[in-house]
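Visitor: sequence and computational prediction follow.
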Amino acid sequence: MDAKVGKIIVFLSVAYLLISKEVMVRILFLLFVSSFLFLTPFYASAQKERGTPKSGEGISAFLLRHKRPGNTYYQEFLELNKTQLRGKKELRLGVKYILPPLKPSTGTTVATASNSSTSSAGSGKTINEPLLGKELAKVRVTGSRLKGACFYVVSGHGGPDPGAIGRIGNTELHEDEYAYDVALRLARNLMEEGAKVYIIIQDARDGIRDDRYLKNSKRETCMGDAIPLNQVDRLRQRCTKINELYKKDRRNYAYCRSIFLHVDSRSKRQQTDVFFYHTPNSAGSERLTTTMKNTFESKYDRHQPNRGFSGTVSPRNLYVLANSSPAGVYVELGNIQNAFDQRRFVISSNRQALAKWMMEGFIADYKKSR
């Protein structure tokens with residue numbers, strides 16, 4: 001038995017020596033190709049660039065921060081992140097999302113005059129609005145949820161009047177600067193959804209800022225006109241501007257709304273949530289204000305479920321609400337004297353969240369109006 005086994009081994013050894021060179025080359029080649037094909041998907045997956053959103057950041061802002069603006073990137077992002085998005089178009093904190101590969105831009109640009117602050121474009125267009133700042137001036141229209149709607153965005157005070165002043169240590173927080181930054185962020189969000197937007201109070205230099213402490217200036221104008229120091233004259237000026245625009249816009253837009261953004265000043269001990277005022281006896285203003293408040297309440301329930309939301313809605317005969325023609329909402333963003341409320345203003349991602357939630361409130365009200 002041992003002799004037979006020995007003969008078989010010798011035979012196989014000779015056969016191996018005769019065929020091994022050619023066969024082994026083929027086998028090794030096949031193994032190389034198979035391993036390459038097997039490993040390529042994992043290697044490619046590992047090479048995909050990913051990013052984590054900031055608080056309150058939407059898909060468009062998230063992609064813009066990663067230098068991927070526009071509808072092409074937006075749609076590709078939705079496709080790449082189907083699993084993470086779970087059928088929604090909202091980003092979740094702490095989740096790493098796959099970024100679309102960078103590619104040359106092929107978007108169409110629609111230029112607008114820098115002093116007009118008006119914008120209207122279809123999905124896929126790009127609006128140029130210098131007031132938003134150099135890095136964010138080009139606004140890619142990525143949605144159409146506000147197509148056919150028109151907005152007048154007004155930040156409180158400005159020019160010679162800084163409004164309420166709070167303090168963190170030796171640093172002053174001026175109401176007009178923080179209200180203006182939120183106003184610009186809101187305007188940009190509305191533009192991204194296809195709305196026509198007027199930025200009523202303007203600062204040619206500031207743009208959207210991510211600083212914690214926003215430097216005060218007196219450069220603000222009412223669409224190019226100097227802002228009076230007298231309170232009644234100041235309020236009358238912005239109402240007159242809105243009414244002049246609305247007289248023309250109401251023929252082209254079935255939905256026109258104004259929003260007035262302010263920061264309240266109360267006792268340092270008094271922490272407040274965002275609260276809203278509407279024009280007395282105005283159904284459109286009351287519905288908008290209530291919808292805005294409900295939107296904020298749902299956001300707080302989702303992001304801070306154990307905190308609750310105590311923001312309120314109430315009628316108030318404020319000058320700007322009573323003397324401007326389109327239905328409007330007056331928003332107090334918090335107490336600039338309170339240390340907890342101050343975090344709502346000084347953290348840029350919180351200012352962005354405020355703007356995003358107000359935009360979503362407008363979208364919800366727009367749907368109701370139709």
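Guide: Yes, it's here. Remember, it's a predicted structure, so these values are computed and weren't measured experimentally.
Visitor: every contact and neighbour count from this point should use C-alpha atoms.
Guide: Fine.
Visitor: where along the protein do the helices fall?
Guide: 2-47, 59-65, 71-80, 82-85, 175-192, 231-249, 283-303, 319-323, 339-346, 348-369 (DSSP state H).
Visitor: just name the most buried of those helices.
Guide: With neighbours taken as mean count of other C-alpha atoms under 10 Å, those reach their highest mean count in helix 175-192, at a mean of 27.
Visitor: could I get the average pLDDT for it?
Guide: Mean per-residue pLDDT for helix 175-192: 97.
Visitor: how far off centre is that helix?
Guide: 10 Å (C-alpha atoms, centre = their mean, to the nearest Å).
Visitor: same check, this time on stretch 247-262
Guide: 21 Å.
Visitor: buried set for that stretch?
Guide: 249, 255-262 (16 or more other C-alpha atoms under 10 Å).
Visitor: what comes up buried for stretch 216-227?
Guide: In stretch 216-227, counting by 16+ other C-alpha under 10 Å, buried: 216-217, 220-223, 226-227.
Visitor: any chance of those residues in a markdown table, with distance to N294 too?
Guide: Below are these laid out as a markdown table (distance: C-alpha to C-alpha, whole Å):
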| residue | distance to N294 |
| --- | --- |
| N216 | 33 |
| S217 | 34 |
| E220 | 32 |
| T221 | 33 |
| C222 | 31 |
| M223 | 32 |
| A226 | 37 |
| I227 | 34 |
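Visitor: thinking again about what came up before, now render the helices of the chain as a markdown table, adding distance to S155.
Guide: Compiled in a markdown table, the helices of the chain are given as follows (distance: least, C-alpha to C-alpha, whole Å):
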| stretch | distance to S155 |
| --- | --- |
| helix 2-47 | 44 |
| helix 59-65 | 22 |
| helix 71-80 | 29 |
| helix 82-85 | 34 |
| helix 175-192 | 5 |
| helix 231-249 | 10 |
| helix 283-303 | 17 |
| helix 319-323 | 12 |
| helix 339-346 | 14 |
| helix 348-369 | 12 |
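Visitor: and those: which comes nearest F276?
Guide: Across these, F276 has its closest neighbour in helix 283-303 (6.2 Å, C-alpha to C-alpha).
Visitor: show me the shaky parts of the stretch 251-370 of the chain.
Guide: Scanning the stretch 251-370 of the chain for pLDDT under 70 picks out nothing.
Visitor: how does it look with 80?
Guide: For the stretch 251-370 of the chain, the stretches with pLDDT under 80 are 303-308.
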